[in-house]
Every structure is written in structure tokens, then in C-alpha cells.
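J.: Quick check, what structure comes out for this input:
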Amino acid sequence: MEPEELYRSVLKTLVYLRGFLLETAISLACLVFVLYWFAPDILNLLQYHLGQKLAFFGVMEPVVSLLKLSTAAALAIMAPWIFFRLSQGLIALFGITKRFAILFSITALFLFYGGAAFCFFVTLPFGVNFLLGYQSQNLTAVISLGKFVDFVALFLLGFGLIFELPLIMSLACKLGICSPMTFSRQRRYAVLIIAILAAVLTPTPDVLNMSLMAVPLYLLYEAGIIIGRLFAPSS
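T.: Sure, this is the predicted structure:
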């Protein structure tokens, strides 16, 4: 690629990203403002689902926690629009076909909500029950509202994002950035990165909760290798 052509490509990418980030920030702020009034109901739903009573230890903790919860809910609601804009960016910047862009948007949405649902119905209840299983007659847990919101929001959004791994790998193969064989050869390094990522994203350092994120992520990595072979350019 010629220097001038590379410069134009980079400039076009930066302009698109600027517009995308500006639109996202404005939309997110407006949606958070609206959802803040429904945040107590969302919090009650999470408390009921996980069977927990909460307490707060600071004057501003309820306000900050509800803002965090509203932001997480806003990001989840905005997911269809975000994935649609990303697919449009793929068309504009990389020449991806509209058919593939539509498939990208639908698959990304399915994986994101699928990951969040898996976390909501499987990982979170199991993890919370395990972590609170150390209670006894003389030892009772007092769960902070802020810690609870951080734990739940990070887990739900984190699982939604890591479930996108097969799609990202397939996209890399489609664009010719990587090949399925490359992903296959680098499997040992992928396991190490997955373990580190699970340790960082998991709010608690115990092995069980890390496994609840690491094992599905590894399975998704293997699925990405298989799916990537379908989209890789034929030699």
C-alpha cells in the first residue's frame, strides 16, 4: 500500500471512529438519564434473582451505584445500535459486503445477549451461592450495594463481550488478518491469555469464579477456529 493511500485509509478510520464515539457518548448519556429512574426496579430484580439483601456504607453510595447500574443497562440496550454501526464501519472501511455486515450484526447481537443470559441464569447464581457458602452461625455476610452492582454489572457485560470471541476470530480470518491455522498453532498462548483475562475480569480471585469465565471462553476460542475456516479466503 502506497504511503498516501495508507494515510487516507488511517484518516478515514479516525474520522469514522470519532463520529461513532461521539454518537455513542451522547446516546449513552441520554439513555442513562432515562434509565436512572428505573434503576431501583432493576436493582430489586437482581436482588430477588440472587436472593441477597444489601446495605450501603456511604451517603453517595446509592446514587453512584444506581448510576453504574443505569450505565450497564444502557450499554446492554444500545447493543443493537452499536453492532449495527460497527457493521457499517466494516462496509465503509474494509469493503465488507452488506450480506456479511448483516450477518455480523445479527451474530454479534445473539452472542452478546447469549453470553449475558448465560451469566445471569448460570454463572452468577452459582458463583454467588458458592462465595456466600462460608457463612455460619457466627459469620454473616453484609453485602455492600456498591460492591454488588460492580460484581453483577462487570460479570454480565464481561460475559456478553467475551462471547463475541468466535465472531472476532471469524472476522480476522475474513479480512485476512489471521488464518485458522494461526489460531490453532497459538492455542497454548491463547490458554494463557484466557487465564489472565479471566483473572482480570472476575471480581473475586478464587479459582472457581475464574473457571466459570475461562472454560466458556476457551470453548468459544475453539469454536472460533472452526467457524473461521468457513470465512477464510480460499488459497
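
J.: any idea how far A72 is from R185?
T.: Distance of R185 to A72, computed by Cβ to Cβ, to the nearest Å: 37 Å. Where you see a C-beta, it was placed from the backbone N, CA and C, and this is true even at glycine.

J.: So for the two, which sits in the more crowded spot?
T.: A72 (21 against 11; other Cβ atoms under 10 Å).

J.: wait, what's in contact with that one?
T.: Going by Cβ atoms under 8 Å, 6 or more residues apart in numbering, A72 touches A153, L156, L157.

J.: any idea how far the second one is from L75?
T.: L156 is 10 Å from L75, where distance means Cβ to Cβ.

J.: neighbour-wise, which of those two wins?
T.: Set L156 next to L75 and count neighbours by other Cβ under 10 Å: L156 wins out with 23 against 20.

J.: what packs against the helix or strand hosting the more buried one?
T.: Element membership of L156, judged by DSSP states H and E, is helix 145-162. Based on contacts counted as 3 or more Cβ pairs under 8 Å, 6 or more residues apart in numbering; DSSP states H and E, the elements that helix 145-162 packs against are helix 39-50, strand 54-55, helix 61-77, helix 98-118, helix 124-131, helix 187-201, helix 207-231.

J.: ranking the ones you listed by mean pLDDT, which is last?
T.: Sorting the helices and strands packed on helix 145-162 by mean pLDDT places helix 124-131 lowest, at a mean of 78.

J.: what angle separates it from helix 98-118?
T.: Using axes from the mean of the first three to the mean of the last three Cα atoms, to 10 degrees, the inter-axis angle of helix 124-131 relative to helix 98-118 is 30 degrees.

J.: Renumber starting at 6 from here on
T.: Taking 6 as the first residue, the last one we looked at is helix 129-136.

J.: any idea how far helix 129-136 is from the chain center?
T.: 20 Å (Cα atoms, centre = their mean, to the nearest Å).

J.: Okay, buried residues for the longest helix anywhere in the chain please.
T.: Looking across the chain with DSSP state H, the single longest helix is helix 8-40. For helix 8-40, the buried set under the neighbour-count rule, 16 or more other Cβ atoms under 10 Å, comprises L33, L36, V37, L40.

J.: wait, doesn't F62 sit right on S149?
T.: Yes - in this structure, F62 is within contact of S149 by Cβ atoms under 8 Å, at 6.1 Å.
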